[in-house]
Structure formats: C-alpha cells, structure tokens
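In: no sequence for this one, just the structure:
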C-alpha cells in the first residue's frame, strides 16, 4: 500500500492536476480569509471555511476523476486486476494519496490562526475544530469521487457525475426543505446524504463526534464500495466462483446496513459524550449549577420550540439537547408556526418571535423569547448615521434553567420583591425587571400609604430615586421592616435634597448622602469626557462578584457618607471614586469639576452595603446607590449590561436564603473583540495567500508538466 501511495502522490505533482488543486483551494481560501479575518477583523476562521466549502464541490472531481478511470481507459487496470497486491490496499493507497494532496491545503490553513493571533485574541479551539471538520468534509468528498471514478473509464464522465453527486450532497438540507417543511420519513432518509450539515456542526466550536462518525463512515463505506466495484471486474474476468475477497452483493448490503446502524447508535448517545465544547466562552457546556439542579428535577417539563425543525437555530438546539440528556423529565418538541400558528395562545396573549421557547410544567408556563437568548448591543455608526447591532452574549442556559425552575417550583417558593411607589419613584427599566424575572422573583408595587406595614412576604423592597418626600409614617414602616431583618435597595436623587423623612430611613443606620453631585477628576474613571459620568472602582464583595473587573456606570451621583463598622453593623463600599473626586455643592452653576470653596473633597462611596445582624436567623441588608439613573436601561447599555448584572448580584445576595436551587446563571460572552489589523498588513497577507502563492504553485506545475512532456 505504501508503494501505491508514493506512486500516486508523486504522479499528482508530475503533472498540473495536483498543483492546480492545491493552488485553487488556497486561492479561494485566501480571498475569504482576507475579507473576513483580515479586512473585517473577525477572529473566527469558521467564517472563511464555511464560505469555501462549495469550492470543494468543484475541485474534488478534478482531483479524483483520473484515479481509476484513467487506468481503465489506458487498459492499465488489467495489471491491477491481476496484481498480487490486494485490491483493498490499492484503493486505500490511491485514497490516501489524494487525501494527502488535500491535506497540504489544510496544513497551510492551520497556519491562519497563528497569523491572526499577532493581531489580537484568537479562539484557537474553535478555529482548529473548524479546520478538522473541513478536512473530514473534504476527505469524504474525495472518497465519493474515487468511487465514481472506479465505475467509468471516462474522466469527463467521472468529473461530471462526481460534481452532480457532491452538489446534491452539499445542497441536501435545502432539498429536504422543499420535500417537506416539517420533516417526514423521506427527509430522514435524505439526511443520510447530507454532506454539509455535519461540517456546519464543527463551525460552532464543538467537536461533534457524530459528525466525525458520519464522515469516517462515508470514507470507509465508499472505499469498500470502490473495492467491490473493482472486485466485480476481477471476478468477471478471472473466476466464476465467489470466494472471500471477491465481489459479493451480500457484502455490499451488509456494509451499508452496518454503516447505518453504527450512525444510528452514535446518534443515540448523549450530547455530553458526542459533543465536546471547545468554544472560547464554553457556550454549550452547562454549568455545575444547572447540572445539579437537573439531577434533582422530579417533575415533567416540556419545552416547545416555535419553529419547524428544518429551520431551527442550531446553537439553541445543541443547548436544548444537553438539557434532554441531563434529565428524562425534559422533552423538547418543535412546533411549526406555519401549520399551527396559534399554538402560543394557550400560554400567552402576545405572539413570540420565531425560535422562541414555551417552557411548560404541571402548574405554570413561561415564554422565553428568542430575543432574550441572544444579546445584541446597538451602536451608532457616525460615518453613515446608522445603527449597528453586534451580537455580544448568549443567555440560553440562564433563561432555560430559570424557566424550568420557575415552572416546577411551588407558589410559596417564589420570592416577592416590592417596588415602593407613591413618592415619584422611577419604575425599574426593562433590563432590571427582566433580571428579576430570570431570578424567578415576582415584582409587585407597594404603596405604603395604603398599607399598615411592609407585607410579610417581602423578600426585599426597592426605593428608586423618589422625587417627593415620604410622610413620617411611611418612613417608619420602612425602618420597622428593615430593623426586623428586612432587605432593601435604595437609590438617592441628587436633584431633590429636601427629603427629610426619606433620608431618615438611612439615618437610622447613620448613613447619609453627601451634599451635591460628585465629579471625578481622574479621566480613567469617567465616561465620554464628562467628569460627572462616573465609572467608579468596583470593590470586591459578595454583592459585586458578578461584575469584578468590569465597568459600572453611575452618572450624576451623590456621595454616600457612613461611619466605621461596629460590632453589629457592617458598612462595605461597593463602588468608590478616586481621591481626586469632588462633590460640587453649588449644583445650579457648575463650571468645573475641580475643587472650589464650599465643595467636599473625595474619595466617596457611590454605592454602599449595610448589614446588621438582628438575631441568629435574621440579618438586615441594605444596598444604597448614589445615582438616580443607576437602574435605567440607558446607563446599563453604556456598560453592556453590567449595571443590571450588579443589580442581579445584589438581589441574589438578599434573597439567597430562599429555596431557589440553581440561582442565576450569567450570560455568556458570545464573541471576542475584533482583531486590529493594519490595512497594509491585511492587503499584503491577502495578496500573498490569495494570489502570489497560488500563482507560484501553478507555474511550478506547468514547468514540471512541460519538462516531462518534452522527455
């Protein structure tokens, strides 16, 4: 077999075919590599590889058309049919030679992530998994082209038929959709001929062992069929007796059945075994919190996906499959909106978007909108005055785990947080109400004037930047609640200083707001060249653990004054300014952020945690915020959701003693920052890979072919 391999591999580079194949694939890859990775700075090589997959449909037939058909045309196949070397070794030698030619391209592509790493952070795991998938995809195509070459003596016919078969395999997913949008037995059979979808699975960053098994099966089966195709001719000219090693229709049937059964078996294995997550942010791997929660799940839950299965979101489907593998109580069903357009009305009045989820338990349900699974950040492009959306986060696990927990918990397990109203308080923005919903916390309004006390079921209360003062009774109700082990998030409002009764709530703990508005004079700690748009230092604590080393936006904030901790009361600053910060007391006429007479010199806490032990079972917890805008969507978007993440951390700390099992699973960062590639470097590398190297390869091939032809 080694001798056959050497002879065949050498022959591809003794004429122009091998050089042309290597040059063509490399040139097309270089073009897309320049466009996606160099010019636009995308760190993911899968963008380029998925774009060049179609070139393999054209290039592979050129490589494989002569491997057996030329032997038949030149009558050299008689030597093969009568050779002492087994036909199987001859076939594998030829296949490995063609695969080696293709591997030259793949080896060159393997250098691409290393080149990109010079310009920023590159997800090497995802890049090389994509390259592996591309290599298997190409080898499977080569095996198909080799088999077709073995059944005809015309190279042209072999190339045309190979192109037609490979094109059908490449387009099979779309063809299935034309046959049936919802799927049936015919489309399931057709999916066995879908060459592209397994490769697409590698582009997500997962080592898809079902895809590996599929491609290896295709390679082995087509190599076996090629062997049998040649054995049939050997048998027809040398013997009329079927024996071991000679063509047998029964062996062909058995090989096909074994291949089908093997792939069916692999597909029944759990995704935790067959899909290994190599993505940079571990997008698909479920956290230990989710795994522990799913192990304890003892109620049936059905997750309806509002999409026909042929149009499903592959990434979301991968995540849902992992939930099914973790618990036999979870069932995923796809609902085709075209054939069942009003299915959602049994669970919600508003039509969810396509690919949204409806999680249904015994007592309640929850809709997880597809827009809440993928987090897009909107930004303005001032060169075109248009808005751009960039995908920043993937929150499937957080939303699905929360929804399953919600529909399986009893009513008395769900915590309630009250938002105090009646004093001009600002209502929580959507990002923060969504954070509460994700934490399975019910948000209710509380008008103190109509209540004798804060309700006993309150896990916490929120007082968000009142604009008018409390009356003395309302303030006392809050104080009584807190002194009995209550929890609260309280935001001040610098524009409204004369709130005596409201301020008495914090005064009960010797805490007050510093007169004026804080201006930061260290440019590293403010935003958009505005000293009053604070990006304060985030101190380490249980309340801020989810936003450690992140930016928090706290604009037009008051400083918070507090005493030293005592035996029963602990004061922990959460957000702080630098020493150069100043509280400007004359807020009507601010001309500078620098210190002036009457101002207060920093540093300041602009967020503070107060904890007081009431008894062995009760502890008061208060989070004080200096900015009236802290809990707004506008501020949250400036720091990509970090404000709402900190809010979630504070609430989770306060209601953590409830029976919530899985807690809040944080959103996973979806993409890495784009690479920064200088234009000159991008153009030079692009020209080198897409033009110069391929031209040199073709010239080498032409010269070698011309020299051999003269001889």
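Out: Good, I have the coordinates. Everything numeric here is computed off the predicted structure, so don't read it as measured data.

In: show me where pLDDT drops low in the protein?
Out: For the chain, the stretches flagged by pLDDT under 70 are 73-84, 181-183, 233-248, 377-390, 587, 657-663, 671, 711.

In: Can you pull the domain assignment for it?
Out: The record's domain parsing of the chain by automatic domain parsing lists 2-278+677-710, 284-409, 415-658.

In: could the ones you listed go into CSV alongside mean neighbour count?
Out: Bear in mind the C-beta positions are built from the backbone N, C-alpha and C, glycine included. CSV is the format used below for the domains of the chain (neighbours: other Cβ atoms under 10 Å):
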stretch, mean neighbour count
domain 2-278+677-710, 18
domain 284-409, 17
domain 415-658, 19
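
In: which ones are touching residue 533?
Out: Counting by Cβ atoms under 8 Å, 6 or more residues apart in numbering, residue 533 makes contact with 526-527, 553, 555-556.

In: Please tabulate the domains of the chain in CSV, including the columns distance to residue 665.
Out: CSV is the format used below for the domains of the chain (distance: least, Cβ to Cβ, whole Å):
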stretch, distance to residue 665
domain 2-278+677-710, 15
domain 284-409, 4
domain 415-658, 8
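
In: Quick check: which of those domains is nearest to residue 670?
Out: Across the domains of the chain, residue 670 has its closest neighbour in domain 284-409 (4.6 Å, Cβ to Cβ).

In: Please compute how far the closest one lies from its chain's middle.
Out: Chain-centre distance of domain 284-409: 14 Å, with Cα atoms, centre = their mean, to the nearest Å.

In: Closest to residue 636 out of the contacts of residue 533?
Out: Ranked by distance to residue 636 (Cβ to Cβ), the contacts of residue 533 are led by residue 553 at 7.6 Å.

In: wait, isn't residue 403 in contact with residue 359?
Out: Yes. Using Cβ atoms under 8 Å, residue 403 is in contact with residue 359, at 3.9 Å.

In: okay, and the common contacts of those two?
Out: Both residue 403 and residue 359 are contacted by 366, 368, under the criterion Cβ under 8 Å, 6+ apart.

In: so which of the domains of the chain gets nearest residue 667?
Out: Evaluated with Cβ to Cβ, these place domain 284-409 nearest to residue 667, the distance being 4.2 Å.

In: State the distance spanning the first to the last residue of that closest one.
Out: 25 Å (Cα to Cα, to the nearest Å).

In: Distance-wise, check the spatially closest residue to residue 96 that is not a sequence neighbour relative to residue 93.
Out: Nearest non-adjacent residue to residue 96, counting by Cβ to Cβ, 6 or more residues apart in numbering: residue 5, 5.1 Å away. Relative to residue 93, residue 5 is positioned 4 Å away (Cβ to Cβ, to the nearest Å).

In: Then residue 21?
Out: Taking Cβ to Cβ, one finds residue 21 at 18 Å from residue 93.

In: Residue 325 now?
Out: Computed as Cβ to Cβ, the residue 325 to residue 93 distance reads 41 Å.

In: cool, and residue 391?
Out: 47 Å.

In: and what of residue 404?
Out: Residue 404 is 54 Å from residue 93, by Cβ to Cβ.

In: same question, residue 401
Out: Plainly put, residue 401 is 52 Å away from residue 93 if you go by Cβ to Cβ.

In: who's the closest residue in space to residue 595 that isn't next to it in sequence bridged to?
Out: Among residues not flanking residue 595 along the chain, residue 582 sits closest, at 4.8 Å (Cβ to Cβ, 6+ apart). On the basis of DSSP bridges, residue 582 is bridged to residue 519, residue 601.

In: So which residues of the stretch 501-650 of the chain form helices?
Out: Applying DSSP state H, counting those that start in this stretch to the stretch 501-650 of the chain gives helices spanning 633-638, 642-654.

In: Oops, could you answer that again for the stretch 251-400 of the chain instead?
Out: Secondary structure of the stretch 251-400 of the chain by DSSP H, counting those that start in this stretch: the helices cover 271-274, 288-296, 314-326, 370-373, 396-408.

In: Now do the third one: everything it contacts.
Out: It stands for helix 314-326. By Cβ under 8 Å, 6+ apart, the surrounding residues in contact with helix 314-326 are 200-201, 204, 206, 270-272, 275, 283-284, 286, 290-291, 294-295, 303, 305, 330-332, 355, 370, 373, 394, 396-397, 400, 404.

In: Helix 288-296 and that helix, what's the angle between them?
Out: Here the directions of helix 314-326 and helix 288-296 differ by 50 degrees (axes from the mean of the first three to the mean of the last three Cα atoms, to 10 degrees).

In: Give me the distance between residue 675 and residue 118.
Out: 9 Å.

In: Kindly report the same for residue 180.
Out: Distance from residue 180 to residue 118, by Cβ to Cβ: 48 Å.

In: Same question for residue 145.
Out: 37 Å.

In: Point me to the helix or strand that includes the closest residue to residue 9 other than its chain neighbours.
Out: Spatial nearest neighbour of residue 9, excluding adjacent residues (Cβ to Cβ, 6+ apart): residue 97 at 4.1 Å. Counting by DSSP states H and E, the element that carries residue 97 is helix 87-109.

In: residues making contact with the helix or strand following that helix?
Out: On the C-terminal side of helix 87-109, the closest following helix or strand by DSSP H and E is helix 112-116. Contacts to helix 112-116, defined as Cβ under 8 Å, 6+ apart, come from residues 33, 37, 43, 45, 48, 122, 124, 127-128, 675, 685.

In: Spit out the contact partners of the closest residue to residue 151 other than its chain neighbours.
Out: Closest residue in space to residue 151, ignoring its immediate chain neighbours: residue 229 at 5.6 Å, by Cβ to Cβ, 6+ apart. Taking Cβ under 8 Å, 6+ apart, we find residue 229 in contact with 147, 150-151.

In: Wait, a strand at residue 229?
Out: No. Counting by DSSP: H, G, I helix; E, B strand; the rest coil, residue 229 is not found in a strand; it is helix.

In: let's number from 161 now, not from 1
Out: All right, first residue 161 from here; so that's residue 389.

In: separation between it and residue 354?
Out: Look at residue 389 and residue 354: by Cβ to Cβ, they are 24 Å apart.

In: do the same with residue 621
Out: Relative to residue 354, residue 621 is positioned 56 Å away (Cβ to Cβ).

In: what's near enough to touch the closest residue to residue 535 other than its chain neighbours?
Out: Distances taken as Cβ to Cβ, 6+ apart place residue 553 nearest to residue 535, at 3.4 Å, with adjacent residues excluded. Residues in contact with residue 553 (Cβ under 8 Å, 6+ apart) are 534-535, 801, 827-830.
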